[in-house]
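Peer 1: structure for the following, please:
(one chain, ligands or ions: 1)
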Amino acid sequence: MSYRGRIAPSPTGYLHVGHARTFWIAAQRAQSKHGTLILRNEDLDPDRSRPEYVHAMFEDLHWLGMHWSEGPDIGGPYAPYSQSQRRHLYLEAWRTLVATGHVYPCTCSRKDLQQAAQAPHESTQPTDSQTTDEEPIYPGTCRPNPGAPPITPPESPAGLNWRFQVPDGEAIEFTDGHFGPQRLIAGRDFGDFLVWRRDNVPAYQLAVVVDDHLMRITEVVRGQDLLVSTARQLLLYRALGWTPPDWYHCPLVTDSEGRRLAKRHDALSIRTLRQQGQTPAQVLGLE
Ligand code: GLU
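Peer 2: Take a look at the predicted model:
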C-alpha cells in the first residue's frame, strides 16, 4: 500500500510556527516515501471556523512552499476535503457506534463536569501526563448500567451529548514513529469522551477517525499534544472495525520560556513573521 499522509489545519485562527513545522515534517515524510499528501480543511465547528482563516491557511501554506495533491482547492478521489461537507459520513459512524453499544447519550453540562472534577474523590487522578489534550475524566454519571442492551439510535444526535464508553483499566498501546512505545490506561489517563456534541457538532475524535479511514491515510503526522487522543482514536478504530494508520507525533514548538505556542499567539503567526521579513526557511527553523 503506498504512503498517504495528511495535513489537517483547523481554520479557527492563523497558523503559527508550530503548525508550520509539523506540516513540514508531514510533507517531508510523504515525499521521502514517494507518497501522497492530502490537505484536509478541519472546519468542523461552525462557531469557531472562519472563511478568512481558510483563505489565510492556503496563503500561508503556499508561501511556506508546501504542496499537496488532494485537497479542497484541487479535489481528488476522496472529496470532499472540508469537514463541514462530510457530516453525513460522521453521522453514519455515530449510528453504528450507538447501535453497537459503544456510545451513550449524556445530559451532563460542562458545569456538572467541572463540579465533579473538583469533588474530593476525583483528586487522585494522575497529573503527570506529558500531553495537553487532557480533559477531566468523565465521572460516569450517564453511563448505562452494565449489561444494558444497546439503544436504537434516534433519528438525530442533536440535543444530547454522545460519549464513547472506554474499557476501564485496559492498556492502549501503540508505537509512535517519533516517541516510540506508548501506553495509556483507559479510565485513568483519559475517560469517556465525546463523539457528538449536543449543539449537533460532531466531535474532533470521531471526525478525524472517519476521515483518516475513508481517505486511506497510512500515517498520521501531528503534534505531540495529541498523543492521548491517539489512544481514544484507537478505541474508535476498533469499535468501527477499521485498521488504524501508523502514528508519528512531532515535538511541540515552544517559545523561549518553554511555553507551548497557542494558535492565537499572534506574534508568532506565520503571517506576522513573514511581514517582519522572515523567509520560509527561517520560519521552518531550517536556517
Ligand atoms: N485539526 C486538528 C488541529 O488542528 C488536527 C488534528 C490532527 O491532526 O489529528 O489540531
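Peer 1: please enumerate the helices of the stretch 1-150 of the chain.
Peer 2: Secondary structure of the stretch 1-150 of the chain (DSSP state H, counting those that start in this stretch): helices at 17-32, 51-64, 87-99, 110-118.
Peer 1: buried deepest among the ones you listed, which one?
Peer 2: helix 17-32 (a mean of 21; mean count of other C-beta atoms under 10 Å). C-betas here are computed from N, CA, C, even on glycine.
Peer 1: anything in that one near the ligand?
Peer 2: No: using C-beta under 6 Å from any ligand atom, helix 17-32 stays clear of the ligand, coming no nearer than 7.3 Å.
Peer 1: what's the model's confidence in that helix, averaged?
Peer 2: Along helix 17-32, the predicted local confidence has a mean pLDDT of 96.
Peer 1: just the strands in the stretch 101-250 of the chain please.
Peer 2: 103-106, 161-164, 171-176, 180-185, 193-196, 219-223, 246-250 (DSSP state E, counting those that start in this stretch).
Peer 1: I'd like the helices of the stretch 1-150 of the chain written out as CSV, with distance to residue 4 added.
Peer 2: As requested, the helices of the stretch 1-150 of the chain are exported to CSV (distance: least, C-beta to C-beta, whole Å):
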stretch, distance to residue 4
helix 17-32, 8
helix 51-64, 18
helix 87-99, 17
helix 110-118, 36
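Peer 1: which one of those lies nearest to residue 156?
Peer 2: Within those, the stretch nearest residue 156 is helix 87-99; the backing value is 8.2 Å (C-beta to C-beta).
Peer 1: just checking, what packs against the closest one?
Peer 2: strand 103-106, strand 161-164, strand 193-196, helix 204-214, helix 227-240 (3 or more C-beta pairs under 8 Å, 6 or more residues apart in numbering; DSSP states H and E).
Peer 1: quick one: stretch 105-118 to chain centroid distance?
Peer 2: For stretch 105-118, the distance from its own C-alpha centre to the chain's C-alpha centre is 22 Å (C-alpha atoms, centre = their mean, to the nearest Å).
Peer 1: now it: average pLDDT?
Peer 2: 84.
Peer 1: what does it contact?
Peer 2: Contact with stretch 105-118 is made by 122, 136-139, 141-142, 151, 160-163, 192, 194, as judged by C-beta atoms under 8 Å, 6 or more residues apart in numbering.
Peer 1: and the residue of the stretch 51-200 of the chain closest to the ligand?
Peer 2: residue 83 (8.5 Å; C-beta to the nearest ligand atom).
Peer 1: would you confirm that that residue contacts residue 211?
Peer 2: Yes: the pair residue 83 and residue 211 qualifies as a contact (C-beta atoms under 8 Å) at a distance of 6.9 Å.
Peer 1: who has more neighbours out of these two?
Peer 2: Taking neighbours as other C-beta atoms under 10 Å, residue 83 and residue 211 compare with residue 83 leading, 25 against 22.
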